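**Q** The amino acid sequence is not available; the structure is as follows:
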């Protein structure tokens with residue numbers, strides 16, 4: 001059996017010599033912007049190691065975002081959703097201006113946030129979007145219990161996150177929750193969150209997969225099989241379901257201070273998954289030559305969209 005060190009080396013074939021699976025681009029549905037890796041938290045298992053001191057990805061500014069929105073318009077691309085992630089997006093000083101740019105163009109907007117102090121610091125400006133029904137804020141809660149959540153997110157994070165969630169709901173924002181499937185037991189997790197939401201007087205439906213979005217557990221270092229072209233039929237999976245079939249993400253790396261287009265939100269630093277600065281140049285088939293492609297997307301069923 002090949003070890004993970006021997007896998008994911010060759011672009012077109014696996015370590016065992018089989019044809020590596022790939023995903024064809026089917027059309028841009030979602031364009032993601034990573035607003036920077038700086039975050040108010042240092043969560044255990046964060047796949048891009050966001051923290052208060054990690055600025056490997058620099059803050060995007062309003063001009064960066066506007067440039068790509070104009071590309072969509074000029075090239076008449078079919079994109080209907082803008083995703084905003086980090087780090088913690090509300091630490092970016094331009095976040096409200098970025099939201100305005102997207103709302104003025106009538107996009108669906110999905111913001112990934114921990115809903116803590118960086119967001120609460122901007123509630124006056126954020127409240128102006130409460131009637132924009134195409135905005136969704138997806139808040140991370142790593143467990144339905146305070147103890148387990150804080151084991152991952154750190155002490156004194158639970159109450160602050162719930163405070164932010166309750167503020168969003170009381171101000172009529174559309175929100176959903178992102179969490180993890182624990183020990184592959186989705187029913188247990190949904191039951192636990194249902195009790196939490198009821199206790200907290202939240203109207204979020206824990207049994208609705210759009211309201212409570214569950215991701216596979218993020219063990220970035222465990223072994224995972226490579227995906228071959230035969231796996232699609234074996235797994236009864238369709239490459240069109242993969243994020244890279246219809247999404248791209250914009251990042252700005254500290255090493256060169258330039259924006260780059262990458263194929264997936266999970267691998268913003270990988271040069272092999274970077275495609276310059278022109279959207280059309282990035283619309284290529286993606287060979288699944290990274291452990292995350294297998295672990296989280298194909299086998300884990302991860303989805304960052306509003307419609308998992």
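**A** Yep, it's here. The model shown is predicted, which means the values in this text are computed figures rather than measured ones.
**Q** By mean pLDDT, which helix or strand of this structure comes out lowest?
**A** Taking mean pLDDT, DSSP states H and E as the measure, the chain has helix 291-292 as its least confident helix or strand, at a mean of 91.
**Q** Now do that one: distance to the chain's middle.
**A** Taking CA atoms, centre = their mean, to the nearest Å, one finds helix 291-292 lying 15 Å from the centre of the chain it belongs to.
**Q** Go ahead and name everything in contact with that helix.
**A** Counting by CB atoms under 8 Å, 6 or more residues apart in numbering, the neighbours of helix 291-292 from elsewhere in the structure are 4, 7-8, 47, 220, 224, 264, 266-267. Using the backbone N, CA and C atoms, a C-beta is placed for each residue, glycine as well.
**Q** Pull out the buried members of those.
**A** In terms of neighbour count (16 or more other CB atoms under 10 Å), the buried residues within the contacts of helix 291-292 are 7-8, 224, 264, 266-267.
**Q** Return the subset of the residues you listed lying in strands.
**A** Counting by DSSP state E, no part of the buried ones among the contacts of helix 291-292 is found in strands.
**Q** so which two of those are the farthest from each other?
**A** Between any two of these, the greatest separation by CB to CB is 17.8 Å, found for 7 and 264.
**Q** Same list (the buried ones among the contacts of helix 291-292) but as a markdown table, adding pLDDT.
**A** Shown next, in a markdown table, are the buried ones among the contacts of helix 291-292 (pLDDT from 0 to 100):
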| residue | pLDDT |
| --- | --- |
| 7 | 93 |
| 8 | 93 |
| 224 | 90 |
| 264 | 93 |
| 266 | 91 |
| 267 | 93 |
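**Q** And residue 197, its phi and psi?
**A** Reported as degrees, to the nearest 10, the phi and psi values for residue 197 are phi -60, psi -40.
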